[in-house]
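Undergrad: Coordinates for the following, if possible.
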Amino acid sequence: MSNRVAVIGTGIMGADHARIVVEDLPGAVLQVVCDVSGERARAVAEECGAVDVATDPFAVIARSDVDAVLIASPDDTHAKLSIAAIQADKPVLCEKPLALTTSDCLNVIQAEKNAGRRMIQVGFMRRFDPSYTKMKADIESGVVGQPIMMHNFHRNVKAPAGFTGSMSITNSASHEFDVARFVLNTEYSTISAFQPEIIESDQCTAQVFLVLETTARHLVNVEVNNNATYGYDVRSELVGEKGSVFLNAPNHGRINTALTAIEHYPADWRPRFAEAYRLQNKSWLEFVDTGEPSPIAASAWDGYCATAVAEAGVKALTEGRKIAIDLVEKPSLY
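TA: Residues are numbered from 1 along each chain as shown. Purely as a prediction, here's the structure:
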């Protein structure tokens, strides 16, 4: 039996998710493409061969010909749409963040608790990226010994106008918050946040440096530079007591010419994490089929934790001091 999927939101990620459903998920049918812009929805639907087009996401969630919902609409809609899907008994893949505030994340968690089962998978796709998978496996095998530190940096070509350091924490760094927590299998206890002041330029506002301590006493740092200019570049090194593990990002070729070696960077995140998105969505479809959540995929609890860290990070940046990260008690559902 095919699973009929509705994709809500047709921005960059929504359109990409629609293509993945059609091209890479046997057993899935792109039933509905929904966007507040009917014109955008029709364009994506025609490109991907969707069965239908809609503009009302809540009506789409309620439809009897929709079995599962993929939410890629604006961030501030995620919590309400996720709750509506839970109440309609429709499994969800929700792009990050689960919600913009911890209180809204907890509302989603409460809806799952009321339903008595997990229904949300949050789109922290780096958990499925082969390089992070290898890093986690190397920790678990003991080859680098006990992990001590994890260094991360996240660089984009250019931030949109008005993109602030706080936005770098809540938007860009959330992937690092989640994947480092996943790789190290721990929670965070504190966060400190800094911004460089050496450059007097509006282009400096989207750059931050974060230092996190974990409850297991690791140190994790995250550099976010959304105005790196040269390309999209994500790297990480896990330092253990016996050695270290670097991420190997996929690179399909290097040009050697005129005494120079040239490697090209992508313009955004999609080429770098294309395989992670495909594996994530495949895992979600298996969840839709079986009702059994993937042990790798991010749950609503993981979404809450990422938002809690981001909230503390913004406070640390604003107040110029280390902030404790306090989580509610983890429900037994997770």
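Undergrad: next one: phi and psi at S141?
TA: For S141, the backbone dihedrals (degrees, to the nearest 10) come out as phi -80, psi -20.
Undergrad: Tell me how many other residues crowd it.
TA: Neighbourhood size, S141 [other Cβ atoms under 10 Å]: 8. From N, CA and C alone the C-beta is placed, and that goes for glycine too.
Undergrad: Against V245, how distant is it?
TA: 11 Å (Cβ to Cβ, to the nearest Å).
Undergrad: Of all residues in this structure, which one is nearest the centre?
TA: F124 (3.0 Å; Cα atoms, centre = their mean).
Undergrad: How many neighbouring residues does the nearest residue to W269 once chain neighbours are set aside have?
TA: Counting by Cβ to Cβ, 6 or more residues apart in numbering, W269 lies nearest to Y232, which is 5.7 Å off, once chain neighbours are set aside. Residues near Y232, counting by other Cβ under 10 Å, number 19.
Undergrad: ok, now which ones touch Y232?
TA: 155-157, 265-269, 271-272 (Cβ atoms under 8 Å, 6 or more residues apart in numbering).
Undergrad: Let's have those residues in TSV, adding secondary structure.
TA: Converted to TSV, these look like this (DSSP: H, G, I helix; E, B strand; the rest coil):
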residue	secondary structure
R155	strand
N156	coil
V157	coil
Y265	coil
P266	coil
A267	coil
D268	coil
W269	helix
P271	helix
R272	helix
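Undergrad: if we take these, which one ends up nearest to Y304?
TA: For those, the closest approach to Y304 (Cβ to Cβ) belongs to W269, at 23.1 Å.
Undergrad: Please report how far the closest one lies from G162.
TA: For W269, the distance to G162 (Cβ to Cβ) stands at 20 Å.
Undergrad: Have a look at the two and say which one is more surrounded.
TA: Legend: neighbour count by other Cβ under 10 Å for W269 and G162, higher for W269 (20 against 9).
Undergrad: What residues of stretch 240-260 count as buried?
TA: Buried residues in stretch 240-260, counted by 16 or more other Cβ atoms under 10 Å: 240, 244-245, 247, 249.
Undergrad: And for stretch 285-299?
TA: 285-288, 293-294, 297-299.
Undergrad: where does the residue lying farthest from the centre of the chain fall, phi/psi-wise?
TA: For the chain, the residue at maximal distance from the C-alpha centroid (Cα atoms, centre = their mean) is A258, at 40.0 Å. Dihedral pair for A258: phi 50, psi 50, per degrees, to the nearest 10.
Undergrad: Show me where the stretch 101-250 of the chain dips below the pLDDT cut-off.
TA: For the stretch 101-250 of the chain, the stretches flagged by pLDDT under 70 are 198-205.
Undergrad: can you map out the helices along it?
TA: 102-115, 130-141, 165-167, 174-184 (DSSP state H, counting those that start in this stretch).
Undergrad: Can you give the contact residues for the shortest one?
TA: It stands for helix 165-167. 159, 193, 195, 205-208, 314, 317-318.
Undergrad: Make a markdown table out of these and add distance to A28 and neighbour count.
TA: Output for the contacts of helix 165-167, formatted as a markdown table (distance: Cβ to Cβ, whole Å; neighbours: other Cβ atoms under 10 Å):
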| residue | distance to A28 | neighbour count |
| --- | --- | --- |
| A159 | 34 | 22 |
| A193 | 40 | 28 |
| Q195 | 43 | 16 |
| T205 | 41 | 18 |
| A206 | 36 | 25 |
| Q207 | 40 | 20 |
| V208 | 38 | 27 |
| V314 | 37 | 21 |
| L317 | 41 | 22 |
| T318 | 43 | 12 |
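Undergrad: will you turn the residues you listed into CSV that also has distance to R42?
TA: Formatted as CSV, these follow (distance: Cβ to Cβ, whole Å):
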residue, distance to R42
A159, 31
A193, 43
Q195, 43
T205, 37
A206, 34
Q207, 39
V208, 39
V314, 38
L317, 41
T318, 43
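Undergrad: and which of those is nearest S174?
TA: Distance to S174, by Cβ to Cβ, is smallest for V314 among those, at 11.5 Å.
Undergrad: Can you tell me the element that closest one falls in?
TA: helix 300-319 (DSSP states H and E).
Undergrad: So for that helix, mean pLDDT?
TA: The average pLDDT within helix 300-319 is 98.
Undergrad: That helix - contacts with which helices or strands?
TA: helix 102-115, strand 120-122, helix 165-167, helix 174-184, strand 188-194, strand 207-214, strand 323-324 (3 or more Cβ pairs under 8 Å, 6 or more residues apart in numbering; DSSP states H and E).
Undergrad: what separates the shortest one from the chain centre, distance-wise?
TA: Relative to its chain's centre, strand 323-324 lies at 23 Å (Cα atoms, centre = their mean, to the nearest Å).
Undergrad: And stretch 139-154, by the same measure?
TA: 21 Å.
Undergrad: Of the contacts of helix 165-167, which is the nearest to A99?
TA: V314 (14.7 Å).
Undergrad: where's the closest residue to I83 other than its chain neighbours relative to A300, distance?
TA: Among residues not flanking I83 along the chain, A111 sits closest, at 4.6 Å (Cβ to Cβ, 6+ apart). Applying Cβ to Cβ, the value for A111 to A300 is 9 Å.
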